[in-house]
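J.: Whatever this is, show me its structure:
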Amino acid sequence: MSRSNILSVLVASALIALVIAFGVAPKLNATSQDETPVAARTEPVPADTPASASNAPARAAFIDRADDGHYWTRADVGGTEVKFMVDTGASIVALTYRDAQRLGLHPENLTFDSEIRTAGGKIFGAPVTLDHIRIGRVTVSNVDAVVLSSDLDQSLLGMTFLGELRSYEFRQGQLIIRQ
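T.: Model (predicted):
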């Protein structure tokens, strides 16, 4: 792993110290059975506990661990595919400047006033709310995120997404997310 990649991962992982002033209240959005998943191998997984009154099966997605030891996935973000590295140490979803441009967020017009303290120093980000992030049949709506002003190599799927799931677990080289 190159020095810049290590620094990027350190910077992103240190997003734990990020502005928790976002008051996270995303709502889960039901995804219909006939939507075509953009990312991850998906299949329904029975709930670990007795089914709810609706008897709806849990929606799940499986993300394989890559050769570099990280979990990478492609997600539908408001209709655009974005490649994320899953980062349970990041308190918020972090977007690269380039991905923010691709999503039509016009980062050149955003205000980068959220100070983020990382192991590599201080950087600034611009808070945004993403309409939804969908991985296979798992969808979280109104996801708080930050667009980073620095040169982050990849976007990070942090806890403002993961924390809204029913569960996530690492098992036999896979990350299983359930809604």
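J.: those helices in the chain, which residues are they?
T.: Assigned by DSSP state H, the chain shows helices spanning 3-13, 97-102, 159-162.
J.: all strands for the protein, in order.
T.: For the chain, the strands defined by DSSP state E occupy 27-28, 41-42, 60-64, 72-77, 80-86, 93-95, 114-118, 121-135, 138-148, 155-157, 167-171, 174-178.
J.: need the helix or strand of this protein with the lowest average pLDDT.
T.: Using mean pLDDT, DSSP states H and E, the weakest-scoring helix or strand in the chain turns out to be strand 27-28, at a mean of 30.
J.: nearest to P107, of the strands of the chain?
T.: Across the strands of the chain, P107 has its closest neighbour in strand 138-148 (5.1 Å, C-beta to C-beta). (Glycine included, C-beta is placed from N, CA and C.)
J.: Just the angle for that closest one relative to strand 167-171, thanks.
T.: 90 degrees (axes from the mean of the first three to the mean of the last three C-alpha atoms, to 10 degrees).
J.: elements contacting strand 138-148?
T.: On a contact count with 3 or more C-beta pairs under 8 Å, 6 or more residues apart in numbering; DSSP states H and E, strand 138-148 meets strand 27-28, strand 93-95, helix 97-102, strand 114-118, strand 121-135, helix 159-162.
J.: Neighbouring strands - and their directions - for it?
T.: Strand 138-148 sits in its sheet next to strand 27-28 (antiparallel), strand 93-95 (parallel), strand 121-135 (antiparallel), going by DSSP bridges.
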